[in-house]
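Asks: structure for this input, please:
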Amino acid sequence: MRMDPINLYEYEARAKQVLPHNHWEFIEAGAMDELTTARNRSAFEALTLRPRLMRDVTDRKISTTVLGADISFPVMISPAEGHTIAHQDGECATARGAGMSHTLMMCSTTSSNSMEEIAEAATGPLWFQLSHRGYDFTEHLVKRAEAAGFRAIVLTVDAPIPTPKERDIRNRYQSPGEYGNFRELQSRASGASGGDEPPPWETLRCPPLTWQELDWLRSLTKLPLVLKGVRDGEDARKAVETGVDGILVSTHGGRRFDGDMCSIEMLPEVVAATQGKAEVYVDSGIRRGSDVLKALALGATAVAVGRPLFWGLAVNGAEGVHHMLELLREEFDRAMAYCGQHSVDQLEDRLLSIPREWGPFRTENDIADHIPLA
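Replies: Numbering: from 1, shown residues only. Below is the predicted model of the structure:
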């Protein structure tokens, strides 16, 4: 009998064995030379934990809240396109797996399943990732998400133009399925044109997304607003001035743009700039439970994982997503114990050794010297 994977890297290896080549390449690929994708991982490895010993760590609290939603440990599911390339049940399976681990899932605008189908399958809290595609259709998506019971809107702000990945171009990759949130639009377009194939959702007119649009977006819903993709202190300061509720520091796993600093490197700068006025989360590169503790020690409220959800799906559907998350839970809990920490809400200072080459933005005082704060 084959043994279950014992860490996320084993899930990755097994997923590569079972997925079609082009699907695997789509999941794994980063933009251009994939330097940021690699840096997302190497930067976590450059951080080192400082164990605190001779303490009674019998009882440890690893549960937390994100914008008021209870989650069993500080790991969430990042929004990602088209889960059906890894498993036929797509995002519905991911939602069930996240629910089994009592944590939160962020659902993509370009999900294979519709947001209503995902909400019906979910037992845990959901946030909706929003890609702005014109005022009318964006409003339509937001209203649907609110009606379906999603608890926050996660607006992607760092994708001003499309970025085809070179691996996908080389493979002539074509998405195999439809986008669940666009079925009605695609059906109308197909009927109007008389053709069998609906146009891709990217053909929707996309006006520039600027800071001014945030006021308009807030007028559409009372749901909390999270900005995804902020990784600069000045942008983080502007974000909190507009009243956003959260920031997800993200490079999309290095899939959008290459050659920039990675998420975990920019996390301290963003945290310092927000001055506690918004929750801060981080994704891109998390592969071990110790990575979760490193991110929290740098000021994150929680982290999120993207590629690993596909690995879990490919290996064993919803159960694979659940088991992947449980491996992270076990490793994170162990790291808490070895570092002498009793609660994610009361982590001590100086848990990390930070590389000097990370630059000046390492504390709130440092960033205050460089960026005027409101």
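Asks: can you show me the strands along this protein?
Replies: Ranges of strands within the chain are 48-49, 64-66, 69-71, 75-77, 105-107, 126-130, 153-156, 225-228, 246-249, 279-283, 302-305, 352-353, based on DSSP state E.
Asks: and the ones you listed as CSV, adding mean neighbour count, distance to Ala272 and mean pLDDT?
Replies: In this view, the C-beta of every residue, glycine as well, is placed from N, C-alpha and C. Output for the strands of the chain, formatted as CSV (neighbours: other Cβ atoms under 10 Å; distance: least, Cβ to Cβ, whole Å; pLDDT from 0 to 100):
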stretch, mean neighbour count, distance to Ala272, mean pLDDT
strand 48-49, 14, 21, 96
strand 64-66, 19, 20, 98
strand 69-71, 17, 25, 98
strand 75-77, 27, 22, 98
strand 105-107, 26, 24, 98
strand 126-130, 25, 24, 98
strand 153-156, 24, 22, 98
strand 225-228, 26, 17, 98
strand 246-249, 28, 12, 98
strand 279-283, 27, 10, 98
strand 302-305, 28, 18, 98
strand 352-353, 14, 15, 93
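Asks: of all those, which one is nearest Val344?
Replies: strand 64-66 (5.2 Å; Cβ to Cβ).
Asks: packing partners for the closest one?
Replies: strand 69-71 (3 or more Cβ pairs under 8 Å, 6 or more residues apart in numbering; DSSP states H and E).
Asks: any idea how far the strand it packs on is from the chain center?
Replies: 16 Å (Cα atoms, centre = their mean, to the nearest Å).
Asks: strand partners of that strand, parallel vs antiparallel please.
Replies: Strand pairing for strand 69-71, using DSSP bridges, gives strand 64-66 (antiparallel).
Asks: now distance to Ile264 too, for the strands of the chain, in JSON lines please.
Replies: Formatted as JSON lines, these follow (distance: least, Cβ to Cβ, whole Å):
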{"stretch": "strand 48-49", "distance to Ile264": "13"}
{"stretch": "strand 64-66", "distance to Ile264": "18"}
{"stretch": "strand 69-71", "distance to Ile264": "20"}
{"stretch": "strand 75-77", "distance to Ile264": "15"}
{"stretch": "strand 105-107", "distance to Ile264": "19"}
{"stretch": "strand 126-130", "distance to Ile264": "20"}
{"stretch": "strand 153-156", "distance to Ile264": "19"}
{"stretch": "strand 225-228", "distance to Ile264": "16"}
{"stretch": "strand 246-249", "distance to Ile264": "8"}
{"stretch": "strand 279-283", "distance to Ile264": "6"}
{"stretch": "strand 302-305", "distance to Ile264": "9"}
{"stretch": "strand 352-353", "distance to Ile264": "11"}
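Asks: nearest residue to Glu34 in space, please, no chain neighbours.
Replies: Gly254 (6.2 Å; Cβ to Cβ, 6 or more residues apart in numbering).
Asks: any idea how far that neighbour is from Glu326?
Replies: Going from Gly254 to Glu326 by Cβ to Cβ, to the nearest Å gives 26 Å.
Asks: give me the residue at the spatial middle of this protein.
Replies: The C-alpha lying nearest the average C-alpha coordinate of the chain belongs to Ser78 (Cα atoms, centre = their mean; 2.8 Å).
Asks: wouldn't it be in contact with Pro308 here?
Replies: No - in this structure Ser78 lies outside contact range of Pro308 using Cβ atoms under 8 Å: 9.3 Å.
Asks: pull the contacting residues for Asn7.
Replies: Arg288, Leu327, Glu331 (Cβ atoms under 8 Å, 6 or more residues apart in numbering).
Asks: thank you kindly, that will do.
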